[in-house]
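Novice: Quick one: sequence plus predicted model below, questions after.
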Amino acid sequence: MHQTIAAAPRAAPEPVVAGLPLRTWRTALLAATLLVALALPYFIKNFYVFQITMAMIYGIAILGLNLLTGINGQFSLGHSAFFGLGAYTTAIMMEHMGVSFYWTLPAAGLVCFVFGFLFGLPALRLEAIYLALATFALAIAMPQILKLSLIEHWTGGVQGIVLIKPDAPFGLPINADRWFYYLTLALGIALTACALNLVNSRSGRALIAIRDNPTAARSMGIDLSLYKTLAFGVSAAYTGIAGALSAIVIQFVAPDSFTFVLAVGLFVGLVVGGVGWIPGALFGGLFVLFVPNIAEHVSKGLAGAVYGIILLLVIYVMPSGMAGLLRLLVGRLGRIGR
């Protein structure tokens with residue numbers, strides 16, 4: 001008696017672009033981008049080095065927001081609060097405790113993780129727009145809390161805290177702006193790699209399952225409460241580290257630097273980069289930093305209107321963000337290659 005054995009399904013062929021596998025092109029592009037990023041500070045002025053550093057910092061904050069919203073499906077309009085909390089953690093530790101800046105980075109991440117985790121506990125009862133409203137309230141309240149006379153000795157009140165940017169360590173022959181560019185670049189690469197590993201891990205698949213179908217995820221034994229609060233904590237930690245970096249790069253923190261406008265900017269950067277696409281955070285950071293400056297350069301009196309028009313055009317051209325545009329381009333190049 002013969003038994004029929006079903007053939008194993010064949011794996012989908014890897015896309016080919018211009019005669020080379022897509023994986024080869026991706027590796028070459030990453031290598032070329034890294035080489036350009038390493039050489040760039042020596043070919044541009046310090047002011048532009050500062051701007052690109054800030055764009056990478058915003059990218060790290062957007063990466064944290066993407067883990068929460070894009071991967072886990074929880075909306076947040078309050079990440080400016082975590083950004084500010086990380087910045088003030090660094091400022092207070094440096095100003096009042098004499099702690100070296102480098103030790104404040106993990107401290108800022110830890111403080112924001114705890115704060116985000118605790119905020120995520122009551123937020124478990126909220127979904128969609130109601131959660132967005134709660135985080136909106138957090139963004140509105142944080143600047144006012146930082147101005148309270150009760151903690152003014154630590155926060156500096158409305159005057160804020162001025163910081164001194166340390167020189168490059170180990171006697172490295174580069175100025176402070178270039179050093180913090182490279183430090184931010186290294187942290188950005190490390191945090192992006194951690195985020196990719198998280199998304200591709202068992203925990204990442206659980207987060208995605210909760211986003212796509214909470215009922216099915218619960219029936220599979222996934223602890224929704226635990227994973228949602230952890231997602232909030234990890235997201236806040238990323239954003240807090242970004243805030244800590246911004247504090248020392250700008251050399252100043254003040255309550256009005258972390259308003260709801262910053263929260264909206266981070267959310268816009270998330271959408272422009274591509275919701276759920278981890279590498280899109282850098283594109284979002286570039287948009288957050290440079291587009292408002294471009295709008296103000298076009299018209300100082302109508303900067304908001306110009307910014308709105310640019311944003312509408314970007315959303316019209318890239319309805320799925322930079323991720324959707326790149327997928328479209330790769331698809332067309334693949335057809336040309338065949």
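Specialist: Here it is on my side, so go on.
Novice: residue ranges for the strands of the stretch 1-150 of the chain, please.
Specialist: 16-17, 20-21 (DSSP state E, counting those that start in this stretch).
Novice: if you average pLDDT over each of the ones you listed, which comes out lowest?
Specialist: With a mean of 56, strand 16-17 has the lowest mean pLDDT of those.
Novice: now the strands for the stretch 201-338 of the chain?
Specialist: Going by DSSP E, counting those that start in this stretch, the stretch 201-338 of the chain shows strands at 252-253.
Novice: Below-threshold pLDDT in it: ranges please.
Specialist: Within the stretch 201-338 of the chain, the segments meeting pLDDT under 70 span 330-338.
Novice: That one: helices as residue ranges?
Specialist: Along the stretch 201-338 of the chain, the segments classed as helices by DSSP state H, counting those that start in this stretch run 202-212, 214-219, 224-250, 260-273, 280-298, 303-317, 321-337.
Novice: Pick the most deeply packed of those.
Specialist: Across the helices of the stretch 201-338 of the chain, averaging neighbours per residue (mean count of other CB atoms under 10 Å) puts helix 224-250 on top, at a mean of 25. Where C-beta positions appear, they are placed from N, C-alpha and C, glycine not excepted.
Novice: Check the gap between Leu187 and Gly276 for me.
Specialist: Distance, Leu187 to Gly276, by CB to CB, to the nearest Å: 22 Å.
Novice: Same check on Ala91?
Specialist: Counting by CB to CB - Ala91 and Gly276 are separated by 33 Å.
Novice: which one of the two has more residues nearby?
Specialist: Comparing Ala91 with Gly276 by other CB atoms under 10 Å, the one with more neighbours is Ala91, at 28 against 20.
Novice: thought Val271 was touching Ala323?
Specialist: No: between Val271 and Ala323 there is no contact under CB atoms under 8 Å: 10.5 Å.
Novice: burial measure for Asn175, as a count.
Specialist: 15.
Novice: ok now do it, which residues does it touch?
Specialist: Asn175 makes contact with Asn46, Asp167, Ala168, according to CB atoms under 8 Å, 6 or more residues apart in numbering.
Novice: Go ahead and confirm the second one touches Ala176.
Specialist: In other words, Asp167. Yes: using CB under 8 Å, Asp167 is in contact with Ala176, at 5.6 Å.
Novice: which one of these two has more residues nearby?
Specialist: Taking neighbours as other CB under 10 Å, Asp167 and Ala176 compare with Ala176 leading, 16 against 11.
Novice: residues contacting that one?
Specialist: With contact set as CB under 8 Å, 6+ apart, Ala176 has these partners: Lys165, Pro166, Asp167, Ala168.
Novice: so which of those residues comes closest to Phe75?
Specialist: Of all the contacts of Ala176, Lys165 has the smallest distance to Phe75: 35.3 Å, by CB to CB.
Novice: how near is the nearest residue to that closest one once chain neighbours are set aside to Ala303?
Specialist: Nearest residue to Lys165, sequence neighbours excluded (CB to CB, 6 or more residues apart in numbering): Ala176, at 4.9 Å. Ala176 sits 30 Å away from Ala303, going by CB to CB.
Novice: next one: Phe170
Specialist: Shown here: Phe170 relative to Ala303, a distance of 43 Å by CB to CB.
Novice: do the same with Trp277
Specialist: On the measure of CB to CB, Trp277 and Ala303 end up 29 Å apart.
Novice: go on, Pro255?
Specialist: Using CB to CB, Pro255 is found at 23 Å from Ala303.
Novice: cool, Ser149 as well?
Specialist: 34 Å.
Novice: Ok, Thr104 next?
Specialist: According to CB to CB, Thr104 stands 34 Å off from Ala303.
Novice: Also Ile310?
Specialist: Taking CB to CB, one finds Ile310 at 10 Å from Ala303.
Novice: Find residues that contact each of these two.
Specialist: Residues touching both Ile310 and Ala303 (CB under 8 Å, 6+ apart): Ala295.
Novice: ok so, going back, in the contacts of Ala176, which residue is surrounded by the most others?
Specialist: Each of the contacts of Ala176 was scored for neighbours by other CB under 10 Å, and Ala168 scores highest at 16 neighbours.
Novice: Hmm, that one is touching Tyr181, no?
Specialist: No: counting by CB under 8 Å, Ala168 sits too far from Tyr181 to count as a contact (10.7 Å).
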